[in-house]
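J.: the amino acid sequence is not available; the structure is as follows:
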Ligand code: HEM
Ligand code: SF4
Ligand code: SF4
């Protein structure tokens, strides 16, 4: 057993209101710079939709992630030999148009314009060419809220039946906030010929060393989530840093902190690094189970002993003990990995959305026995869609999670109304009363310190004499001491 | 006078800049060590420029180096006439690829509006210089035949004389102007290398071929003094 600790974020999709507060706080802190304007380390997309960059999920086109080949994992795009031959041109790299041409507005014209008969307007200015843009043709969430669904949403690779988005009675939408997943088997790391991208041993955060990166751009193609971006100004790759300067001091990430829907949880998972590869060789629909299998029980004394041996501190073990993420991902098994079939073993988990559940009765919405919710098969968001997104196509796993959510709601609804429900409802969904109450608390009223349990980095045991003054943004240099 | 400038001053100046400025740049500002790829902004024309250019120029450079590193082997190889014709044709084809590629790269920067923001003086200088260099090289290959052979008895001994700090102009002084231009161009490009994005060619990654796919860095281990 090779136990390592990983900081993990869980997103409760049922609660995301698509407000983009997360994207904006991230942008303001990290990417409001020349060359990075088009980057959204955190973005929120509408599903069904094409997302950002457009069609990122379509690996026939972008060739991201891993595939299985003869009982081994291989990068889908380029092996090592082909990497050397493709140094001069990246065949699978997305281009500016796949994202969008970043723009700003000439706000100053609003108050500096000379008096005239027309209302002054703030024109769009390209943040790349600096020139006025006649027309804005694209944006980071261009198909927000199903706009242009006949052009965009119909292209969603997860939709079994794309006519659904044209059918008012059946269409649905939900939001999907995305950051870098800080994967356990990151394709970005494996693809980098300069070895500039690395996974931090202590917390699993995946970073690009700006001094080592030579701008070869293999990572931008290899990441199946398209979460490594090329800075067109500096000529180097950049990505989400999991707000490590914040998490190191025990704060949660900026996106999670600003989340209006309070949909996010951050905490520690312990996992067995030796089991990752074997787990990823499983069939697509077995991958969620394989993920859960790699994650270890932090209460197990053997696990704790092995973790200590690997240098996981008591403070981190305590955080793993209380981890809201462990509860959601493994204990209650309600949070699922995004596109596990890309085989990077992403460490961001999503609780699938139950909504919209509004039922009007009639043939489209047959209600379940207990009379409040529609049958799982007739939910607005097709189970096949959620399964394609979150479980490698395994519909049973999605059904299990949705059943838990429904049972939880029925239970709490009855409690609220002073009624009683059959205990079988909770039991059939694999819950008991204590568990339901714990889940309810996590889903709804858990305050900051329960949603986010982020242990600090313990610099005092990480060679402080060597590290002092060695972290932070920008060019770091130490003063040399006279002998 | 011109000869000693081209064949003594320029090579030593270029060498000195290479030896002193390159490490200085590496240790003082590695953040600028990149090829400044523009594929993100313009992709289609880049393919037809960058690919022929790089494969062409790398083959040509390989030929130039082979003669210097291993003159006797090359001489023996080229003694076979068929081999001579074959290698010369490959060399010429590679040169033409490089020329076409570099012209494409230049046209692309001239014509594509989105590239204006990422094109600087050094890009123009480099592209014009490299086109010049490829063009003069092709001229020499076509009109001063069997260069791969006479190179071994003229330029190569001259390089050795440079390396032993006793430059012998006798080997190269009698060549026509076009050859001297080609040499001056080469030294100029080498001299500019440490100051421009050409530094990218000094890093052709190979270590990753051996590495395991996933790389970890531990803050708690010594030696990784940088965290970011
Ligand atoms: C060692 C192997 C080399 C590698 C891996 C390499 C790689 C690259 C890459 C990735 C680019 C950026 C292309 C883009 O815009 O996406 C580039 C550009 C360039 N390379 Fe190389 N290169 C190598 C050798 C050379 C050599 C030997 C030369 C010439 C002496 C050279 C001259 C150039 C020039 C002039 C550009 C800029 C082209 C432009 O105007 O955009 N490279 N190279
Ligand atoms: S999501 Fe992409 S960028 Fe992030 S660790 Fe995984 S492969 Fe790398
Ligand atoms: S801030 Fe929260 S609720 Fe708003 S879009 Fe982001 S994840 Fe969704």
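T.: That came through fine. Since the structure is predicted, the reported quantities are computational estimates derived from the model, not experimental observations. Ligands and ions are numbered 1, 2, ... in the order given.
J.: could you list the buried residues of the helix-or-strand element of chain A with minimal mean pLDDT?
T.: Within chain A, no helix or strand scores below helix A:464-467, which has a mean of 73 by mean pLDDT, DSSP states H and E. Buried positions in helix A:464-467, judged by neighbour count with 16 or more other Cβ atoms under 10 Å in any protein chain shown: residue A:467. Bear in mind the C-beta positions are built from the backbone N, C-alpha and C, glycine included.
J.: near chain B, anything from it?
T.: Yes - against chain B, helix A:464-467 shows contacts by Cβ under 8 Å from any Cβ of the partner chain at A:466, A:467.
J.: packing partners for whichever helix in chain B runs longest?
T.: Longest among the helix segments of chain B by residue count, using DSSP state H, is helix B:81-111. Other helices and strands packing on helix B:81-111, by 3 or more Cβ pairs under 8 Å, 6 or more residues apart in numbering or on different chains; DSSP states H and E, are helix B:44-69, helix B:71-79, helix B:121-143, helix B:147-153.
J.: average pLDDT for stretch A:103-121?
T.: Stretch A:103-121 comes out with an average pLDDT of 92.
J.: and what of stretch A:397-412?
T.: Averaging pLDDT along stretch A:397-412 yields 92.
J.: kindly report the same for stretch B:196-206.
T.: Stretch B:196-206 carries an average pLDDT of 88.
J.: can you list contacts of that stretch?
T.: A:87, A:193-195, A:214-216, A:235, B:22, B:25, B:33-36, B:122-123, B:125-126, B:189, B:192-193 (Cβ atoms under 8 Å, 6 or more residues apart in numbering or on different chains).
J.: mind listing what's buried in that stretch?
T.: Buried residues in stretch B:196-206, counted by 16+ other Cβ under 10 Å: B:196, B:197, B:198, B:199, B:200, B:203, B:205.
J.: domains for chain A, by residue range?
T.: Domains of chain A are assigned by automatic domain parsing as A:12-97+A:137-249, A:255-451.
J.: pick the most deeply packed of those.
T.: domain A:12-97+A:137-249 (a mean of 20; mean count of other Cβ atoms under 10 Å in any protein chain shown).
J.: now check it, is it near ligand 2?
T.: Yes - remark: domain A:12-97+A:137-249 sits within contact range of ligand 2 at A:180-183, A:186-188, A:206, A:223, A:225, A:227-228, A:239, by Cβ under 6 Å from any ligand atom.
J.: what's across from the residue of the stretch 101-250 of chain A found nearest ligand 3 in the sheet?
T.: Among the residues of the stretch 101-250 of chain A, residue A:177 lies closest to ligand 3, at 3.9 Å counting by Cβ to the nearest ligand atom. Using DSSP bridges, the beta-bridge partners of residue A:177 come out as residue A:44.
J.: what sits against it?
T.: Counted by Cβ under 8 Å, 6+ apart, residue A:177 has contacts A:11, A:16, A:22, A:23, A:42, A:43, A:44, A:255, A:263.
J.: which residues touch residue A:271?
T.: By Cβ under 8 Å, 6+ apart, the contact set of residue A:271 is A:3, A:4, A:6, A:184, A:294, A:295, A:296.
J.: picking that back up, will you turn the buried residues of stretch B:196-206 into a markdown table that also has distance to residue A:402?
T.: Output for the buried residues of stretch B:196-206, formatted as a markdown table (distance: Cβ to Cβ, whole Å):
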| residue | distance to residue A:402 |
| --- | --- |
| B:196 | 59 |
| B:197 | 54 |
| B:198 | 58 |
| B:199 | 56 |
| B:200 | 52 |
| B:203 | 51 |
| B:205 | 47 |
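J.: can you put those in JSON lines and add distance to residue A:338 and secondary structure?
T.: Formatted as JSON lines, these follow (distance: Cβ to Cβ, whole Å; DSSP: H, G, I helix; E, B strand; the rest coil):
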{"residue": "B:196", "distance to residue A:338": "42", "secondary structure": "coil"}
{"residue": "B:197", "distance to residue A:338": "37", "secondary structure": "helix"}
{"residue": "B:198", "distance to residue A:338": "41", "secondary structure": "helix"}
{"residue": "B:199", "distance to residue A:338": "39", "secondary structure": "helix"}
{"residue": "B:200", "distance to residue A:338": "35", "secondary structure": "helix"}
{"residue": "B:203", "distance to residue A:338": "34", "secondary structure": "coil"}
{"residue": "B:205", "distance to residue A:338": "30", "secondary structure": "coil"}
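J.: so where's the chain uncertain?
T.: You didn't pick a chain, so chain A it is. By pLDDT under 70, the low-scoring segments of chain A are A:357-371, A:470-479, A:483.
J.: oops, chain B please
T.: Residues of chain B meeting the criterion pLDDT under 70: B:222-228.
J.: ok, the residue nearest to the spatial centre of it to residue B:133 distance?
T.: The residue lying closest to the centre of chain B (Cα atoms, centre = their mean) is residue B:61, at 6.4 Å. Distance, residue B:61 to residue B:133, by Cβ to Cβ, to the nearest Å: 11 Å.
J.: and for residue B:63?
T.: To residue B:133, residue B:63 is 14 Å away according to Cβ to Cβ.
J.: those two: which has the busier surroundings?
T.: Neighbour totals were compared for residue B:63 and residue B:133, and residue B:133 leads with 23 against 19 (other Cβ atoms under 10 Å in any protein chain shown).
J.: list the contacts for the nearest residue to the more buried one once chain neighbours are set aside?
T.: Leaving out its chain neighbours, the residue that sits closest to residue B:133 by Cβ to Cβ, 6 or more residues apart in numbering or on different chains is residue B:185, at 4.4 Å. The contact partners of residue B:185, taken as Cβ under 8 Å, 6+ apart, are B:129, B:132, B:133, B:136.
J.: wait, residue B:35 sits on residue A:215?
T.: Yes - between residue B:35 and residue A:215 there is a contact at 5.5 Å, judged by Cβ atoms under 8 Å.
J.: pick out the residue of the stretch 251-400 of chain A closest to ligand 1.
T.: Closest point on the stretch 251-400 of chain A to ligand 1, by Cβ to the nearest ligand atom, is residue A:344, at 24.4 Å.
J.: doesn't that residue belong to a strand?
T.: No - counting by DSSP: H, G, I helix; E, B strand; the rest coil, residue A:344 falls outside a strand, being coil.
J.: now it, nearest residue through space, not along the chain?
T.: residue A:183 (3.8 Å).
J.: which parts of the stretch 151-300 of chain A sit against chain B?
T.: So the stretch 151-300 of chain A meets chain B at A:185-186, A:189-190, A:192-195, A:197-202, A:207, A:209-217, A:230, A:232-236, A:241 (Cβ under 8 Å from any Cβ).
J.: residues contacting the residue lying closest to residue A:292 once chain neighbours are set aside?
T.: Using Cβ to Cβ, 6+ apart and skipping the chain neighbours, the partner closest in space to residue A:292 is residue A:330 (5.6 Å). Residues in contact with residue A:330 (Cβ under 8 Å, 6+ apart) are A:269, A:292, A:295, A:297.
J.: for residue A:253, same thing?
T.: Counting by Cβ under 8 Å, 6+ apart, residue A:253 makes contact with A:9, A:179, A:242, A:243, A:246, A:247, A:266.
J.: quick one: the residue in chain B that ligand 2 sits nearest to from residue A:272, how far?
T.: Residue of chain B nearest ligand 2, by Cβ to the nearest ligand atom: residue B:214 (10.2 Å). As judged by Cβ to Cβ, residue B:214 and residue A:272 stand 15 Å apart.
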